[in-house]
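Chemist: Sequence first, then the predicted structure:
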Protein chains: 2
Amino acid sequence: MLPTIAREGDVVVMIDQRKLPAEEVYVRCKSAGEVARAIKTMVIRGAPAIGVAAAMGIAIGMRRSKATGTQKFAAEFHKICEQMAATRPTAVNLFWAIDRMKRAFADAAQAGASVDQIKDRLDAEAQAIHDEDLANCRALGAFGADVVPSDARVLTHCNAGALATAGYGTALGVIRGAVEKGKKIAVFADETRPFLQGARLTAWELVRDGIDTTIITDNMTGALMRQGKVDLVVVGADRIAANGDTANKIGTYGVAVLAREHNVPFYVAAPLSTIDLDTPDGDHIPIEERSAREVTHVGGSQIAPDGARVWNPAFDVTPHRLIAGIITERGIFRPPYSESLRKALAEERLVPSP
Amino acid sequence: MLPTIAREGDVVVMIDQRKLPAEEVYVRCKSAGEVARAIKTMVIRGAPAIGVAAAMGIAIGMRRSKATGTQKFAAEFHKICEQMAATRPTAVNLFWAIDRMKRAFADAAQAGASVDQIKDRLDAEAQAIHDEDLANCRALGAFGADVVPSDARVLTHCNAGALATAGYGTALGVIRGAVEKGKKIAVFADETRPFLQGARLTAWELVRDGIDTTIITDNMTGALMRQGKVDLVVVGADRIAANGDTANKIGTYGVAVLAREHNVPFYVAAPLSTIDLDTPDGDHIPIEERSAREVTHVGGSQIAPDGARVWNPAFDVTPHRLIAGIITERGIFRPPYSESLRKALAEERLVPSP
């Protein structure tokens, strides 16, 4: 199992995803600030993994607190939560994890817990978020495996793998689930410019697992599908709106349009924590824009001339009409998503029953 | 005017397109073999420019010949023509230019020309191919400018610019033509992995010309169009089949599908020499596959793990149904292309009248 993120005492340890696959370097974050910086600079990325990291960051931040009174402790807590919330805007799992930590804090405080007891409670909540994420990935992988044909050639975009989660992965969890059921899967990994998560991370993970993996540049997807070489697309998600519109890594939308054009089923795989019923549709999902340098430089080399502008949105939105199903730890949800997603979350008691 | 390729005595000088925009280095080819290698290794690329380079390479190769009898001279000529034809398979302009050189040779030989006279004839033919290409680009740019709205935001893929031709460009010729007619054009340049012709070459050319240019990664095209930010797409071509199916840089097909999805007109700009009536449709166009290293390495950095496969086709085919018009030096041709293209070439006396 890949060690995406782990707790060692009061330190959060992460593999530095910016340096893979050339180097396997671990970053040791000793404070909430260091965790926030690691999220912002993409030492760790992937919506579920960001949620886990934020929770662990809050836990170690509060563990270091010297406050003795609950009031000062609560003030520090809320400051750290704000710091985490300001790291990246699109992945809703980040805000979901922070909310869980806030509820854990409030529950403990309401029950009259001491500062030390609240610290323990926050540690336990962060660990639960981590452990549940791993379990959710395994569960959704098992559900998703059923829609993957034997001998399927599966295309995925970006990295929705062990590195994007506490482990096992969402889209790659579906692929791993299919392999575990004895299916013979060949994977096409879009390289996923500008950060190259597909070439650097997805290929690295899958090759380690002995899964047949072919890297293509993002602009080869159309030609590949036109040649009839893709049976299924499965991708992760950073935020799924109430109507099923899905924000995911930039380029996902183009893949979805091409999949429709070639009658290839397009699936999204994500834990329920990625579904945001407070966001009615994709137009309301905030899309992060990142620095021009991610586009103009690769591995230290400048590939673009000075004087050209750059547009660098980190995500795009795939409209629900292009999505064949949303694979979660509670099963696969089908259109109309405005009904199926609300019902799923109500059964999880994550929202009031409709 | 950009010096893509020029003749200096018996030397062919080319700007090294692999090193732009970081360095402006000129490569001096002193033999046909050196020109062939420059084409193969993409010192020079772009269908019309490859044709010009091959013609100039043949001319300097024969200029160096020590043969005194026409028979030995002819044998050397055919060997050099074969060497040029083996460099790259997709761009038909290469074969068109070689055929023109062969016809020039045959005409001169038939007229009883001496070896020295044939050398002069080959020099003149190569220079004519160069000069006509430049004139054709200017002519098609003027025609194409008419389909570009004022204040248009134009997306282009790869580099179909001055660097891909003897000068001025095809797709970028249309943009330059529109600018010359006083239109205010903003250009989006797909970076065009793996060779990055968009980011490295198109942006460099356009910034030099003071044209507003924004670089995007190839996977951002969908999001950009969905936001309504593209009014027109214009690309070059490496080979246009008799039915209008068009081979162009890998990724062009995906752009065309996305353009159709968003009701953005998609134009191809190319000289008539790119049209190959002997190829009935896109399925019959040979598609070059290039080395995995172009995908796995960028500027010396390895971005993919060992053990992953790579698929690296250099071109794809856009079916004619997605093409709004083909902009040439004789005007803009419209569907049905199987009629309009044949008629155009017949009028040019490039094929027998239908």
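Modeler: Noted; the coordinates are in hand. Please read all numbers here as calculations on a predicted model, not as lab measurements.
Chemist: Okay, helices next: where are they in the stretch 101-250 of chain A?
Modeler: Secondary structure of the stretch 101-250 of chain A (DSSP state H, counting those that start in this stretch): helices at A:115-145, A:171-180, A:197, A:203-208, A:221-226.
Chemist: er, the stretch 251-354 of chain A I mean
Modeler: Along the stretch 251-354 of chain A, the stretches classed as helices by DSSP H, counting those that start in this stretch are A:252-261, A:293-296, A:337-347.
Chemist: Mean neighbour count, these: which tops it?
Modeler: Highest mean neighbour count among the helices of the stretch 251-354 of chain A (mean count of other Cβ atoms under 10 Å in any protein chain shown): helix A:252-261, with a mean of 26. The way it works is simple: take the backbone N, C-alpha and C, and place the C-beta from them, glycine included.
Chemist: For it, name the packing helices and strands.
Modeler: helix A:221-226, strand A:232-235, strand A:266-269, strand A:315-318, helix B:221-226, helix B:252-261 (3 or more Cβ pairs under 8 Å, 6 or more residues apart in numbering or on different chains; DSSP states H and E).
Chemist: wait, which of the ones you listed is closest to residue A:345?
Modeler: strand A:266-269 (15.5 Å; Cβ to Cβ).
Chemist: List the strands paired with the closest one, with their directions.
Modeler: Using DSSP bridges, the strands paired with strand A:266-269 are strand A:232-235 (parallel), strand A:325-328 (parallel).
Chemist: Just send the helices of the stretch 251-354 of chain A back as a markdown table, with mean pLDDT and distance to residue B:348 too.
Modeler: Shown next, in a markdown table, are the helices of the stretch 251-354 of chain A (pLDDT from 0 to 100; distance: least, Cβ to Cβ, whole Å):
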| stretch | mean pLDDT | distance to residue B:348 |
| --- | --- | --- |
| helix A:252-261 | 98 | 35 |
| helix A:293-296 | 97 | 42 |
| helix A:337-347 | 94 | 55 |
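Chemist: would a markdown table of the strands paired with strand A:266-269 with mean pLDDT and mean neighbour count be doable?
Modeler: Output for the strands paired with strand A:266-269, formatted as a markdown table (pLDDT from 0 to 100; neighbours: other Cβ atoms under 10 Å in any protein chain shown):
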| stretch | mean pLDDT | mean neighbour count |
| --- | --- | --- |
| strand A:232-235 | 98 | 27 |
| strand A:325-328 | 98 | 26 |
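Chemist: So the lowest-mean-pLDDT helix or strand in chain A, near chain B or not?
Modeler: When each helix and strand of chain A is scored by mean pLDDT, DSSP states H and E, strand A:301-302 comes last, with a mean of 92. Yes: counting by Cβ under 8 Å from any Cβ of the partner chain, contacts between strand A:301-302 and chain B involve A:301-302.
Chemist: Check which helices and strands that strand is in contact with.
Modeler: By 3+ Cβ pairs under 8 Å, 6+ apart, strand A:301-302 packs against no helix or strand.
Chemist: Nearest to chain B: which residue in the stretch 101-250 of chain A?
Modeler: Proximity of the stretch 101-250 of chain A to chain B (Cβ to the nearest Cβ) peaks at residue A:219, 2.7 Å away.
Chemist: how close does the nearest residue to that residue once chain neighbours are set aside sit to residue A:242?
Modeler: Spatially, and ignoring its direct neighbours in sequence, residue A:219 is nearest to residue B:251 (2.7 Å; Cβ to Cβ, 6 or more residues apart in numbering or on different chains). Note on residue B:251: its distance to residue A:242, by Cβ to Cβ, to the nearest Å, is 34 Å.
Chemist: which of the two has more neighbours?
Modeler: Per other Cβ atoms under 10 Å in any protein chain shown, whichever of residue B:251 and residue A:242 has more neighbours is residue B:251, with 28 against 20.
Chemist: Verify the stated contact: the more buried one with residue B:195.
Modeler: No: with contacts counted by Cβ atoms under 8 Å, residue B:251 stays clear of residue B:195, the gap being 11.0 Å.
Chemist: Return the residues in contact with the nearest residue to residue A:224 once chain neighbours are set aside.
Modeler: Spatially, and ignoring its direct neighbours in sequence, residue A:224 is nearest to residue A:230 (5.8 Å; Cβ to Cβ, 6+ apart). By Cβ atoms under 8 Å, 6 or more residues apart in numbering or on different chains, the contact set of residue A:230 is A:153-155, A:188, A:221, A:224, A:259, A:262, A:264.
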